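Asks: let me see the structure of the following:
(2 chains)
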Protein chains: 2
Amino acid sequence: MASHPQKHPLDPLSAAEILQVSSLLKEASPDKSLHFKLISLLEPPKVLLREFLKAERNASGVSGMSGPSLTRRAESLYYHRGTSDLIHVTVNLDSGKLEEVKKVEGHFHAQADIDEILEMREVCLRDEKVKEQVRAFRLPEGMKVVCDTWPYGRDNNTQTPRFVQCYLFAERNHPGSNHYDNPLPFSPIVDMVKKEVIDIVRLPTGSDSSLKPNAVYEPHPAKEYHHELQAQPARTDLKPLVIYQPQGVSFSIDGYLIKWQKWRFRLGFNWREGMVLHDVTYDGRELFHRLSLSEMFVPYGDPRMPYSRKSVFDVGDIGAGVAANNLALGCDCLGVIKYFSFVITNSQGNPVEKPNAICMHEIDDGIGWKHTNSRTGGVSIVRSRVLVLQTIITVGNYEYVFMWHLDQAAGLHYKIQATGILSTAPIDRGVTVPFGTRVNDDVLAPFHQHVFSLRIDPCIDGDNNTFLEEDSVPMPWNDQNPYGVGYVTENRIISTSSPSDSAPNRVHKIINPTSINKSSGAPVSYAIHSPGKQMLLAHPDSWHGRRAKYAFHPFWVTTHRDNELYAAGDYTYQSHPDLTSDLGSWAARRDRTENTDIVVWHSISLTHNPRTEDYPVMPCDTMTVSLKPSGFFDQNPALDVPQSMQKDNGSCLVKNEDLAVAVEGKAREFKL
Amino acid sequence: MASHPQKHPLDPLSAAEILQVSSLLKEASPDKSLHFKLISLLEPPKVLLREFLKAERNASGVSGMSGPSLTRRAESLYYHRGTSDLIHVTVNLDSGKLEEVKKVEGHFHAQADIDEILEMREVCLRDEKVKEQVRAFRLPEGMKVVCDTWPYGRDNNTQTPRFVQCYLFAERNHPGSNHYDNPLPFSPIVDMVKKEVIDIVRLPTGSDSSLKPNAVYEPHPAKEYHHELQAQPARTDLKPLVIYQPQGVSFSIDGYLIKWQKWRFRLGFNWREGMVLHDVTYDGRELFHRLSLSEMFVPYGDPRMPYSRKSVFDVGDIGAGVAANNLALGCDCLGVIKYFSFVITNSQGNPVEKPNAICMHEIDDGIGWKHTNSRTGGVSIVRSRVLVLQTIITVGNYEYVFMWHLDQAAGLHYKIQATGILSTAPIDRGVTVPFGTRVNDDVLAPFHQHVFSLRIDPCIDGDNNTFLEEDSVPMPWNDQNPYGVGYVTENRIISTSSPSDSAPNRVHKIINPTSINKSSGAPVSYAIHSPGKQMLLAHPDSWHGRRAKYAFHPFWVTTHRDNELYAAGDYTYQSHPDLTSDLGSWAARRDRTENTDIVVWHSISLTHNPRTEDYPVMPCDTMTVSLKPSGFFDQNPALDVPQSMQKDNGSCLVKNEDLAVAVEGKAREFKL
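Replies: Numbering: from 1, shown residues only, chains lettered A, B, ... in the order given. Have a look, this model is predicted:
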């Protein structure tokens, strides 16, 4: 009995489906109170899904319900409330039946959820011993203490209950005040099951680990980011810039199916990974089966307890989908915008809308290609139009912007931007430390890293894919190279699952050895271009290093398995490396990865040694990973983009005599 | 007698000034015919110029003619026509006097000029032996032979006359036809002084150096870039996108002085470097005295004669200013555009306009910074507006887009884009080689590199500057780092002139040790962020390697000297490394470079192993170098950018029921 016949197998769960699951589970455990951690789509097995998607694409209809039907399933994870009993279930949404119920092994913990975080903040701030310490710190009248919770991470080998570590800050009397400007010198630890403060750790504030027992608040000039709190007035010389699309947008949408400029793909979203792209094709040719943010690890470089355990898996411990912003409220993208909304679950098992969690719009990205024929003066030029899919998440102090930029020359670009506020720590007046930057009096912004894992599940002209390193190598100086200027490319196929490192002369490529480019005579390929970055700086034997093995190499290749989606493992909260199945263990299988169904994992690292300019709010820092055809097409795939024409662009000249020129000419031209 | 009292010392030469110089020189040599190579502004000595610019900035007026007056000078380089006698002169434009006349040493050659190139093409194609070889190649009716000239470079130790090497192609019968699709298998060499073909070199077309004496043209399906020559119709689903600035632009201009969003700088332009930025300040603080493209070397990786000498210094051998496009004709930037035109000289000494050689406009560059207060839901967000200064040059087959992007957070970004057409070579049907890509039947696109040299003359809070490498380094695992997670930054000051290499964990910074950031307690600094790239692949002892020493290291620091502007030397055409003063020799002086007036040189390399997708015209390949404050400002310099407001942005929603929505709402909102 297919209860949701209109759904595509990859459509994210609807509110009704989430209710269907939670109701079913509540009915199945009438004697228990369930604390829901997630209710999410369980994607069909890849082998069936690929078959379905191919049939759908080959069928004429856009909605493509012509393929073989696939059972629609959900998964859920929940605690028996007030206990550490964690249950994972699979639900058949078509039959409405529980298919699998599994008690999760006791050493695994579920992610933190928002209801829980809010409750733990309360627990912390209501604790008498915490209140006493706050009083002893002698904050001025009107300053309010707020609490940021951090996953406890791991600092020893034992099985620990679920903890949060709390960092406290004092907020001035304005709803937009930057509380990170006033870090308090102690950190309560809360047991999330018992819901009580079990320890208060005093923070080192000098140049070493020593503690200062009787610290009191010392006032300093505030650094605020909110526009109402600025000492200087805002700039007044920025004129509006409007993106105007008189004929509307160039994309089409059918549910979660999106088509734009020869691209066709499905948009997905879930609590954990946030935005996902499925079944990406260009001009009818298969490129990527699934593209997702697999994990993100943020370890801090301050070596002193308790900062030595300050770290978070933002995807696994929190969820990029859970943390997604409502973009209509202040994303303010320019142009004509399409927003996508999704539904996740709260801890009660009720659907909660994530409104406008992804936005889609077009931008102009400069010149696409150009050539001037110097003999005739004739100019051929096309502009580069780009389709942007954007999601922005707020994880406590930081925001991350995640974007896919699709261009007209068959390139996909994953852009990561870091903005928001630095997580700060107290530091004694005048002291400096080599593992952090003093961004205000008494305020330290410790060094840290953000290591993202981009999961690339390719289908470059089908599933027979191989990952390789291609190096540009000087030829030996000999008879074949008599002037010492020749160089060639050499490639090394990664024939078994393993990591692969970067080098300045290296390009990583995914090829299909069974599909030959008729111009070049070589297998078709997509290249991954990414700036060579510092990998994880924590010691490989440290808890950070062992819990985030993926973060030591920029590339990894494994064979595809349906349940291997998350580079640091399924359960990252206080994860124990010896008990976690993660990218390190999957690669260690040494599976054959040549000419088969592989997954490529790309670790992208931002080593963030804060600048004073990153405070009190950080200008976006951007990193881009590009997936570009490299001998995939027979010629420039943007050759058929129409020439750029002034009549369409409607640009106008600045007149020297009046720089604040009104553009009457354009208004006329477009008959507005 | 100041003949040009209205001119700023950095204003590029006017047509009148060029005529003043050429007339003076012609009068001074009445018995000679002069072949002019350049007439260009000779910038004042830096020490005087800095004084002038500071006084100008400190004065209240915008035009700032209040500083000490500076003598305005021009330089010229010319041949006595038909000889190898090369003369360099200095002219005092104020007094109208020749100040210095110097015969250039005989081993130096001036750059090629356009008049000369056109003449050499004629010489080549009219040569009877060349015509005979063309006939023997048996081109079909209607195909016309065209000639691309390349600097001869150097392949032996002797002093050679000025040569060009010619590569021939057959063009189909259309003015926009891609002649690179039909490379001919022989290369005439022309003596530029004698104006005659001195040799015809047969090109290897197989997999090795062997020659095929009786090659004849074999037809193959054409790959054309011109839109009139496409087999497939152009895409029809791209809707217009218009940048609309209802209140005009945010910049102001006074001559070549530009102000925008706290930035203030002067725009310069000359035949060689093209666009130059002078005296760049942000919010009244000095950042960069001069920013320019110093050189660009393009060596090919095909080891076989004559390709082993195929290479060009596009800046020194040709001139980025000379090759600048008229951007109004087909640049088609969006928005409200300001164009700048300049004047260079032709070989007769007459002024030739380079109309619209630089364009300036604003773009929206996504989110500037954002934070959502998770406790209140309050969103603070600013968009990032960027000022773009763009010049595009065509050097034969290729085009390069050079842009400065200035952002509101005091970052400058130098963007280089490569587009245009691959320089091709003939290859026998079905043959592949490891140093090139077959992009069509019979057409090889050989591997090559583009190594740019960005000259950065800093004045970070003044002239006391130091260049350093800053590495992020794990702390040893010991009592100070009990969990093995700590890391620190370590820096190495480059205290004497020398190169400096890149590393994944390294940031290069220019600091001012005498100016301390009051928040961080550390010297103020600007960081240079650039992707780690493969440096020159030719052997260091090869002619390519010896002539382009700058191309082996990504960074160099030297002390400032007025006459050291060009990384591969002043005279690059057929340059001999033993006789050339270049960045390698300047760095070898081992001058003290600490806390003094230094110059930083950044070599940026694009290793271009062509893709089939780069043919018949190449989608832009982009590289970005960012100069970003790093502890220069006390806090985020974009803190005072006004919040992004929907009322200014005028964005609108896509309506699901009608994706090609008319945006009446916006038209109303802006009362167009």
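Asks: and the pLDDT at the closest residue to A:Ser495 other than its chain neighbours?
Replies: Of all residues not flanking A:Ser495 in the chain, A:Glu594 sits nearest, at 4.6 Å (CB to CB, 6 or more residues apart in numbering or on different chains). For the C-beta atoms, the positions are set from N, CA and C on the backbone; glycine is no exception. The confidence metric pLDDT takes the value 98 at A:Glu594.
Asks: quick one: A:Glu594 is in a helix?
Replies: No. Secondary structure of A:Glu594 (DSSP: H, G, I helix; E, B strand; the rest coil): coil, not part of a helix.
Asks: residues contacting it?
Replies: A:Glu594 is in contact with A:Thr466, A:Ile493, A:Ser495, A:Pro513, counting by CB atoms under 8 Å, 6 or more residues apart in numbering or on different chains.
Asks: what values do phi and psi take at it?
Replies: Main-chain torsions, A:Glu594, degrees, to the nearest 10: phi -100, psi 130.
Asks: how close does it sit to chain B?
Replies: 21 Å (CB to the nearest CB, to the nearest Å).
Asks: number of residues surrounding A:Val193?
Replies: 15 (other CB atoms under 10 Å in any protein chain shown).
Asks: is stretch A:428-446 anywhere near chain B?
Replies: Yes. Residues of stretch A:428-446 contacting chain B under CB under 8 Å from any CB of the partner chain: A:Gly430, A:Thr432, A:Pro434, A:Phe435, A:Thr437, A:Arg438, A:Val439, A:Asn440, A:Asp441.
Asks: now list the buried members of the residues you listed.
Replies: A:Phe435, A:Thr437, A:Arg438, A:Val439, A:Asn440, A:Asp441 (16 or more other CB atoms under 10 Å in any protein chain shown).
Asks: residue of the stretch 451-600 of chain A nearest chain B, please.
Replies: Relative to chain B, the nearest point of the stretch 451-600 of chain A is A:Gly486 (2.6 Å; CB to the nearest CB).
Asks: with the stretch 201-350 of chain A instead?
Replies: A:Pro303 (2.7 Å).
Asks: could you pull out the helices for chain A?
Replies: Under the criterion DSSP state H, helices of chain A are mapped to A:15-28, A:46-58, A:114-126, A:128-137, A:543-547, A:583-587, A:646-649, A:664-669.
Asks: counting neighbours, which of the contacts of A:Glu594 comes out on top?
Replies: Greatest neighbour count in those, by other CB under 10 Å, goes to A:Thr466: 24 neighbours.
Asks: from what I see, it and A:Asp597 are in contact.
Replies: No. If you go by CB atoms under 8 Å, A:Thr466 and A:Asp597 don't touch, sitting 10.9 Å apart.
Asks: circling back: buried deepest among the helices of chain A, which one?
Replies: Counting by mean count of other CB atoms under 10 Å in any protein chain shown, helix A:543-547 has the highest mean neighbour count of these, with a mean of 23.
Asks: now what about it, what contacts it?
Replies: A:153-155, A:297, A:299, A:309, A:311, A:313, A:536, A:538-540, A:551-552, A:568, A:572, A:575, A:577, A:580, B:483-485.
Asks: again, only this time at 6 Å
Replies: If you take CB atoms under 6 Å, 6 or more residues apart in numbering or on different chains as the criterion, helix A:543-547 is touched by A:Arg154, A:Pro299, A:Ser311, A:Ala538, A:His539, A:Ser575, A:Pro577, B:Val485.
Asks: which ones among those residues are found in strands?
Replies: A:Pro299, A:Ser311 (DSSP state E).
Asks: mind putting the contacts of helix A:543-547 into TSV with pLDDT and neighbour count?
Replies: As requested, these are exported to TSV (pLDDT from 0 to 100; neighbours: other CB atoms under 10 Å in any protein chain shown):
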residue	pLDDT	neighbour count
A:Arg154	95	20
A:Pro299	98	28
A:Ser311	98	24
A:Ala538	98	30
A:His539	98	20
A:Ser575	97	26
A:Pro577	97	17
B:Val485	98	31
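Asks: CA atoms of the longest strand seen in chain A as PDB?
Replies: Counting by DSSP E, the longest strand found in chain A is strand A:351-372. Only the C-alpha atoms of strand A:351-372 are listed here, as PDB (Å, rounded to 0.1, in the frame of the first residue of the first chain):
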ATOM      1  CA  PRO A 351       7.600  18.100  12.400                       C
ATOM      2  CA  VAL A 352       9.400  21.500  12.600                       C
ATOM      3  CA  GLU A 353       9.700  23.500   9.400                       C
ATOM      4  CA  LYS A 354      13.200  24.700   8.300                       C
ATOM      5  CA  PRO A 355      11.700  27.400   6.100                       C
ATOM      6  CA  ASN A 356      13.800  28.800   3.200                       C
ATOM      7  CA  ALA A 357      16.800  26.600   4.200                       C
ATOM      8  CA  ILE A 358      18.200  26.600   0.600                       C
ATOM      9  CA  CYS A 359      18.000  29.500  -1.800                       C
ATOM     10  CA  MET A 360      18.600  29.300  -5.600                       C
ATOM     11  CA  HIS A 361      19.300  32.100  -7.900                       C
ATOM     12  CA  GLU A 362      21.400  33.100 -10.900                       C
ATOM     13  CA  ILE A 363      24.400  35.400 -10.800                       C
ATOM     14  CA  ASP A 364      26.600  36.900 -13.500                       C
ATOM     15  CA  ASP A 365      30.200  35.700 -13.000                       C
ATOM     16  CA  GLY A 366      32.200  37.800 -15.400                       C
ATOM     17  CA  ILE A 367      33.500  36.700 -18.700                       C
ATOM     18  CA  GLY A 368      32.700  33.100 -19.800                       C
ATOM     19  CA  TRP A 369      35.100  33.100 -22.700                       C
ATOM     20  CA  LYS A 370      36.400  35.700 -25.100                       C
ATOM     21  CA  HIS A 371      38.500  36.000 -28.200                       C
ATOM     22  CA  THR A 372      39.400  39.000 -30.300                       C
END
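Asks: chain B contacts on the stretch 351-500 of chain A?
Replies: A:364, A:367, A:369-372, A:374, A:376, A:378-381, A:394, A:399, A:401, A:409, A:419-421, A:432, A:434-435, A:437-440, A:472, A:474-475, A:477, A:481, A:483-489 (CB under 6 Å from any CB of the partner chain).
Asks: quick check on the residues you listed: which are buried?
Replies: A:364, A:367, A:369-372, A:374, A:379-381, A:394, A:399, A:401, A:409, A:419-421, A:435, A:437-440, A:472, A:474-475, A:477, A:481, A:483-489.
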